[in-house]
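1. what's the 3D shape of this:
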Amino acid sequence: MDVESRYALTPEGVYIAYQTAGAGPVDLVWQPDWPGNIDMEWEVPAVRMLLTGLASFGRVVLHDHRGVGLSSRDVEVPNLETRVADLLVVLESAGVHRPTLVGVGTSGAVNALLAATRHDEIAGLVWIDPAPRYTWAVDNPWGRTADQMATEERDLELWGSSDYGRAFAAFEATVGNPIPEADVVPISKATRNACTPDVARKLSAMWADTDVRDVLSAIQVPTLILAHIELGAVDRSKDVAARIPGSQLVEIQGEGFTAPTMQAMSQEIRRFVGAARAPIEVDTLLSTVLFTDIVGSTQQQAALGDRGWSDLVDSHNSRVRDALERWHGVEQDTAGDGFYATFEGPARAIRCAHEIVDSVRELGIEVRAGVHTGECRVIDGKIGGLAVAIGARVAATAAPSEVRVSQTVKDLVAGSGLTFEDAGEHELKGVPGRWRLYIVPDV
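-> Now for the predicted structure:
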């Protein structure tokens, strides 16, 4: 099979390596499991079987995210938001139009976030043994326990060696995922061709802190969930399928990632991609909302008078709009002493909020800011709905010059270099339930 390798260049000058294979009438994007090396993907027998099967009926596009494999390595480990942005650059470079996104385990989280935010550009989503949250929680009993995570952390000290391949296989066997002996050597080789041990540890820590379950309800594209019966993935897959509107769940027989299971998966994906479907009417999308408002605006206006207050607001608005432009935010509304803007990713929104806080302080004023990510409704071209109301309520709890975020935002920005201070649980006016909020110190 002919495999063509190329590089896509991001706006900030990072090279993202990608490959294409096959020449079918549909585009399929394969999201390698971490950490990845697209050359090595073809040397792991199980992965090669799946990729070959997909390339038999479509054009397959796969890439290495920044920091690993064949992509630029002298960069920071990418968070989820950055990986989505890099994937979009690859799709544009490869001339991909409305692909079906295919991923496995935690790697499917990148596809899920893209499908939720750019549903009009995505034809479908396939998630094999989905793991939207990697670690254990009361409502995620399928995740890795603290003891299991500690074992994984110790095994990472062997990264790149044949001992790591054996340790990885031994660990996976304890969680019901037997690794064929033939895969141990290729896995060992793949790890040292992917990244160095320090990067592997950073990636592991990032995925341990990532949780995309709150965004799954915003996915509005046809979705297929494939679950290994023998790997004990059915209950977790059912939970994920229940969170994604209209998704299909197919249980796959067969032990591990062997030839028969890879063939069964390829056939199910081919059936799913080829099925005729009526267009989904969508009036929602996943979006990150940022609210800011001037602290003590009434007192400020009284002290300055109408003319002085008007000049101050003009200067404030100019600085806010400059920050929004730099961080790719979209102004949705302004009410004299505050702004409401939307972003495709929460990390950008947080950094923009901090820039606004710092910038307007030079004018002798302070603002408070709140960030939330959720499913929003598009109403007469404007983004609204409950998620927007939540964002406004989060901002209202913030202290002067403080940026507060929801739990959902914290879960989505793992690996961003941002730190969080627990602000406790809050009742948000007009919003059901109690909400755990976090303060994000200046970055």
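2. where exactly do the helices run in this protein?
-> With DSSP state H, the ranges of helices along the chain come out as 38-41, 45-55, 80-94, 108-117, 146-155, 162-174, 181-194, 197-208, 234-243, 259-274, 297-326, 346-361, 386-396, 407-412.
3. of all those helices, which lies closest to residue 11?
-> Shortest separation from residue 11 across the helices of the chain is recorded for helix 80-94, at 7.9 Å, computed as C-beta to C-beta. Every C-beta, even on glycine, is put in place using the N, C-alpha and C of the backbone.
4. Relative to residue 394, how far out is residue 406?
-> If you measure residue 406 against residue 394 using C-beta to C-beta, to the nearest Å, the figure is 6 Å.
5. Just list the residues touching the closest residue to residue 98 other than its chain neighbours, thanks.
-> Nearest residue to residue 98 in three dimensions, chain neighbours excluded: residue 123, at 4.3 Å (C-beta to C-beta, 6 or more residues apart in numbering). Shown here is residue 123, whose contacts under the criterion C-beta atoms under 8 Å, 6 or more residues apart in numbering are 26-27, 98-100, 221-222, 273.
6. one more time with 10 Å, if that's ok
-> Shown here is residue 123, whose contacts under the criterion C-beta atoms under 10 Å, 6 or more residues apart in numbering are 26-28, 97-101, 115, 221-222, 273, 277.
7. still on that earlier bit, now list whatever residues contact both of residue 406 and residue 394.
-> Both residue 406 and residue 394 are in contact with 289, 370-372, 426, 428, 435, 437-438, where contact means C-beta under 10 Å, 6+ apart.
8. Could you check the pLDDT of the residue of the chain most remote from its centre?
-> What lies farthest from the middle of the chain is residue 305; by C-alpha atoms, centre = their mean that is 46.7 Å. Looking at residue 305, its pLDDT reads 94.
9. ditto for residue 375
-> Taken from the predicted model, the pLDDT recorded for residue 375 is 92.
10. How about residue 17?
-> Per the predicted model, pLDDT is 97 at residue 17.
11. ok, what's across the strand from it?
-> Using DSSP bridges, the beta-bridge partners of residue 17 come out as residue 7.
12. Then residue 434?
-> Beta-bridge pairing of residue 434, defined through DSSP bridges, involves residue 427.
13. Which positions in stretch 83-100 come out as buried?
-> Using 16 or more other C-beta atoms under 10 Å as the burial criterion, the residues of stretch 83-100 that qualify are 83-91, 93-94, 96, 99-100.
14. need the contact list for residue 407.
-> 211, 214, 372, 420, 425, 435-438.
15. Sorry, slip of the keys, the one I care about is residue 335.
-> In this structure, residue 335 makes contact with 293, 297, judged by C-beta under 10 Å, 6+ apart.
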